[in-house]
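Trainee: Based on what follows, work out the 3D shape:
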Amino acid sequence: MLLGVAFTVLLLLIGGVSAVPSPKNVKLSCQNLKVSVSWEYSEQTPETSFRVDVGGSAGSLVIDTTEHQYDLSPFIWASEEHYMGFHHVTVTAEEGGNQSKPIQSQTFTFNFLKTADINCKLDFPTVDLVENESGATVSVMNPFSFTELEKAVKSDSSTFKFTVTTSSGKTDGACTAQDKVCKLDILFPEGAEKCVKTLKGTLFDGIEVSQVQFNETGPICVSKPTGVDVQMLAILLCAFSIVAAVIIVAICVVKAWRLTASPKPPTSLRPNHNEGALRYTPVCPTYISPVTVAGNNPLVSSEEEEEEDHLRDSSVNYQPSARSYAEGGLLSEGEDSADDSEKTEVVSMDLEEEEEEEEVLAYDRPQTLQLDMGDGDMVTGYTER
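Mentor: Sure, this is the predicted structure:
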């Protein structure tokens, strides 16, 4: 009876465990400073979660997640004790209060002196080889300046040691956690190529017992540009391009502003679009009506009477020609033209005198002329100004 009850309980326990499948292919990865664990699970439901248990010589860590991976980097690089320790990871599936069988990963460590399934290494830091008078200087970025190692709790006496191999042999260098850059002067044989064949490095704890190794790197030559130089050159080129573009744009803006702000040319220099048009309103000519005078003019002076007598004795009637009209001659009615040359000379002289007076005093006196109209009749004529 008791044996049957025990068997039933055993079956229930086995059934409860087997009701939740276990994760598969639990793998650990350490790529430089990135450490993570991953697994596979094909029967996951909304209630499924995973418990990740990190154990080893440096303490333990338990977390729950619904993902199929977990980043272990914050735990590993939290302190010198952790990254120098020995670790393993166990993953368990949980669902509805039931658990699967835990699956453990391989063991791993960054400590070269510890035995584990996976021995992790760090990538060698950036190296610069600069030629000097005696040879060259090797400059290595201190690993303790990395973000993860810089924040880790560690001893002030922790050191980074590296070995440089050239054609003339090996040279060792070292720096502490307080140094930003580790430098080492090396010599090259005369006529030899100025190159470093290999570089090796190790990170030591405060008592120089535990150590983390770096992957070997090289060769590196003086003439070969480093990553820092390439980045600096790219930054300088970008900055130069930006400055040049700004200068060009500024020049264009200034030129445009000057053209816009330039004064307009004076009116005399502007093109006259109405050059062929009349500038003044044409004035209609003044027409003078013929005037007929009958009888003697009581206002005529003695000199004018003598002139009238002279003209009367000559018995000449004067009719101005068409040219006289054009040049400002007289207009009268009922006059006959005379062919006598003497009368023509007298009239011509009078006209010349009148023209001279017009040129000098054209606007200072009335434009009149006394002429004999025949039979002793005198007439006052008006000429054009």
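
Trainee: and Gln106, which of the three is it?
Mentor: coil (DSSP: H, G, I helix; E, B strand; the rest coil).

Trainee: and it, how many neighbours?
Mentor: Using other C-beta atoms under 10 Å, Gln106 has 13 neighbouring residues. Quick note: C-beta positions are derived from backbone N, CA and C, even for glycine.

Trainee: Pass me the low-pLDDT residue ranges in the stretch 101-250 of the chain, would you?
Mentor: 223-230 (pLDDT under 70).

Trainee: which residues of it fall in helices?
Mentor: If DSSP state H, counting those that start in this stretch is used as the criterion, the helices of the stretch 101-250 of the chain fall at 147-151, 227-261.

Trainee: Compare the ones you listed and report which one is nearest to Phe75.
Mentor: Minimum separation from Phe75 across the helices of the stretch 101-250 of the chain (C-beta to C-beta) falls at helix 147-151, 11.3 Å.

Trainee: buried ones in that closest one?
Mentor: For helix 147-151, the buried set under the neighbour-count rule, 16 or more other C-beta atoms under 10 Å, comprises Glu148, Leu149.

Trainee: Show residues contacting that helix.
Mentor: Helix 147-151 is contacted from outside by Leu33, Ser73, Trp77, Tyr83, Pro143, Phe144, Leu203, using C-beta atoms under 8 Å, 6 or more residues apart in numbering.

Trainee: quick revisit: let me know which of the helices of the stretch 101-250 of the chain is the nearest to Asp185.
Mentor: Taking the helices of the stretch 101-250 of the chain one by one with C-beta to C-beta, helix 227-261 is closest: 19.0 Å.

Trainee: Among the contacts of helix 147-151, which ones are in strands?
Mentor: The members of the contacts of helix 147-151 that map onto strands under DSSP state E are Leu203.

Trainee: on that earlier part again, minimum distance to Gln213: which of the helices of the stretch 101-250 of the chain has it?
Mentor: Closest among the helices of the stretch 101-250 of the chain, using C-beta to C-beta: helix 147-151, at 14.2 Å.

Trainee: Any chance of the helices of the stretch 101-250 of the chain in CSV with distance to Leu199 as columns?
Mentor: Formatted as CSV, the helices of the stretch 101-250 of the chain follow (distance: least, C-beta to C-beta, whole Å):
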stretch, distance to Leu199
helix 147-151, 18
helix 227-261, 15
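
Trainee: Please identify the most buried of those.
Mentor: helix 147-151 (a mean of 15; mean count of other C-beta atoms under 10 Å).

Trainee: returning to what we had before: wait, which of the helices of the stretch 101-250 of the chain is closest to Gly218?
Mentor: The nearest among those, by C-beta to C-beta, is helix 227-261 at 14.7 Å.

Trainee: any idea how far the residue lying closest to Glu43 once chain neighbours are set aside lies from Thr45?
Mentor: Of all residues not flanking Glu43 in the chain, Pro21 sits nearest, at 5.1 Å (C-beta to C-beta, 6 or more residues apart in numbering). According to C-beta to C-beta, to the nearest Å, Pro21 stands 11 Å off from Thr45.

Trainee: distance of Gly56 from Asn32?
Mentor: Taking C-beta to C-beta, one finds Gly56 at 20 Å from Asn32.

Trainee: Next: Phe75.
Mentor: 16 Å.

Trainee: cool, Asp156 as well?
Mentor: Distance from Asp156 to Asn32, by C-beta to C-beta: 25 Å.

Trainee: And Ser167, by the same measure?
Mentor: Counting by C-beta to C-beta, the gap from Ser167 to Asn32 is 30 Å.

Trainee: ok, now Ala234?
Mentor: 24 Å.

Trainee: Could you do Val253 as well?
Mentor: With C-beta to C-beta as the criterion, Val253 and Asn32 are 50 Å apart.

Trainee: quick one on the thing from earlier: looking at Pro21 and Thr45, which is more packed in?
Mentor: Pro21 (15 against 8).

Trainee: related to what we said a few turns ago, please identify which of Asp156 and Asn32 sits among more neighbours.
Mentor: Asn32 (14 against 8).

Trainee: excluding its backbone neighbours, what's nearest that one?
Mentor: Nearest to Asn32 is Asp123, by C-beta to C-beta, 6+ apart, at 4.7 Å.

Trainee: Go ahead and confirm the one you found touches Val212.
Mentor: No - in terms of C-beta atoms under 8 Å, Asp123 does not count as a neighbour of Val212; the distance is 11.7 Å.

Trainee: Can I get the longest strand along the chain as PDB, trimmed to CA atoms?
Mentor: Counting residues, the longest strand found in the chain (DSSP E) is strand 86-95. Taking C-alpha atoms only, strand 86-95 is exported to PDB below (Å, rounded to 0.1, in the frame of the first residue of the first chain):
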ATOM      1  CA  PHE A  86      35.400  31.800 -13.200                       C
ATOM      2  CA  HIS A  87      31.800  31.600 -14.300                       C
ATOM      3  CA  HIS A  88      29.000  29.300 -15.600                       C
ATOM      4  CA  VAL A  89      25.300  30.000 -16.500                       C
ATOM      5  CA  THR A  90      22.200  27.900 -15.900                       C
ATOM      6  CA  VAL A  91      18.900  28.600 -17.700                       C
ATOM      7  CA  THR A  92      15.500  27.200 -16.500                       C
ATOM      8  CA  ALA A  93      12.100  27.600 -18.200                       C
ATOM      9  CA  GLU A  94       9.100  28.500 -16.000                       C
ATOM     10  CA  GLU A  95       5.400  28.300 -16.800                       C
END
